[in-house]
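In: Predicted model, plus sequence, below.
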Amino acid sequence: MSSARQQLAGPQVLEADGIRIGFGERQVLGSIYLRVQTGQIVGLLGRNGSGKSVLLQAIFGARAVPDASVRVNGQRVVPAFRQPGLLNYLPQEPLLPPSLTLARAAKLLGVDIGAATARFPELRPQFGRRLGELSGGSARLVQALLLLHADTAFSLFDEPFSGVMPVHVETLAEEMQRLKQRKGLLITDHRYAEVLPICDVVYLLHQGRLLTLEGDVREQLRDYGYLAS
Amino acid sequence: MTILATQLRAVGLFYRSVAPLMGGISGLILLAVLLPAIVEGRSGGVMPALLLTKLATAPVVWYLSEQWRPGQYWFYFNLHLSRRRLWAGVVALDGGLFLGGAWLVRAVLA
């Protein structure tokens, strides 16, 4: 599914529902319906342990959920990660194998690493290094950039700003806004002050339910106990 | 790079992460099974048994790998490879290398 084909086909709509996940007695996710469209940045907020990462993994297809339905333009795509060009996923933990240099990882992902890091010139000398040789923030940043610039219709990012220094967070957020013209982004991150301004839609995972927040989002986040009142 | 070429490279990359363990097991099998068979002059029909023994150790490697590096698959998922495909590729590659090594050892020593 190349960019050219996506443009010809118009906007892509990723929908997920029927995702119910529990750990032992505890139901983490109830009946969830989530929608992301190319051209959108969708924010997913929630308290620790509310199931944000689990939800992203279930949509990505890495976590098998019996009744889960993940669809793109109405067509079922389970597991979604098997479909070339459809979506990618940045997990909280390191993405790249420890033996792989950044340049080689970019090549395998089909990304022009020079273009992907064009706004971060300090990353250039690091292309020949392995992920473990970078600082935590630089490693996080470069992984987010590689997936952001990969030719997929959607990107699911779990804590992309974690450990990244503020000046890079701002530039990364600008990159996300620029690249949303050709893809849909689903982002979960506790740095809500950086996430909220770039989001077109904000969801809150609360007690196993996915709530769409409209209007004064910050006030609702306070009402649901995500922000201090 | 086509998707197939990318996935083959990815399988090779994944194999490198488990090669020390799989290679060690291969060495042990060759030492414990093939070498005595060569010494006793009955190495002719031992290859199928050797391969079966080698294949039987694959679940052990898989289990240890899952325990040691539970997050090792994310990169490969992003290359559209499932666990099953990765391991199928690794077992095929390792089985081929093992058979080639066993044949070489037998050709040199027998």
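Out: That came in fine, so what should we check first? Residues are numbered from 1 along each chain as shown, chains lettered A, B, ... in the order given.
In: need the residues of chain A near chain B, please.
Out: Taking CB under 8 Å from any CB of the partner chain as the criterion, chain A approaches chain B at residues A:60-62, A:79, A:81-84, A:88-89, A:91, A:93-97, A:99-100, A:105, A:107-110, A:147, A:150. (C-beta placed from N, C-alpha, C; glycine too.)
In: do that again at 10 Å, thanks
Out: Residues of chain A found near chain B (CB under 10 Å from any CB of the partner chain) are A:57, A:60-62, A:79-100, A:104-105, A:107-110, A:131, A:143, A:146-147, A:150, A:152, A:155.
In: what helix or strand is the residue nearest the centre of chain B on?
Out: For chain B, the residue lying nearest the average C-alpha position, counting by CA atoms, centre = their mean, turns out to be B:Asp94 (2.5 Å). Here B:Asp94, judged by DSSP states H and E, is contained in helix B:83-109.
In: Which elements pack onto that helix?
Out: Contact partners of helix B:83-109 among helices and strands, from 3 or more CB pairs under 10 Å, 6 or more residues apart in numbering or on different chains; DSSP states H and E: helix B:3-29, helix B:35-39, helix B:47-56, helix B:58-68, helix B:74-77.
In: one more time with 7 Å
Out: Secondary structure elements in contact with helix B:83-109, counted by 3 or more CB pairs under 7 Å, 6 or more residues apart in numbering or on different chains; DSSP states H and E, are helix B:3-29, helix B:47-56.
In: Need the ones you listed in TSV (columns: distance to B:Leu81).
Out: Below are the helices and strands packed on helix B:83-109 laid out as TSV (distance: least, CB to CB, whole Å):
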stretch	distance to B:Leu81
helix B:3-29	6
helix B:47-56	21
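In: check contacts around the residue nearest to the centre of chain B.
Out: Each residue near B:Asp94 by CB atoms under 7 Å, 6 or more residues apart in numbering or on different chains is listed here: B:15, B:22.
In: ok, it to A:Ala64 distance?
Out: Shown here: B:Asp94 relative to A:Ala64, a distance of 26 Å by CB to CB, to the nearest Å.
In: Please give me every residue in contact with B:Val80.
Out: Wrong residue type there; residue B:80 is His, not Val. Under the criterion of CB under 7 Å, 6+ apart, the contact list for B:His80 reads A:81-82, A:84.
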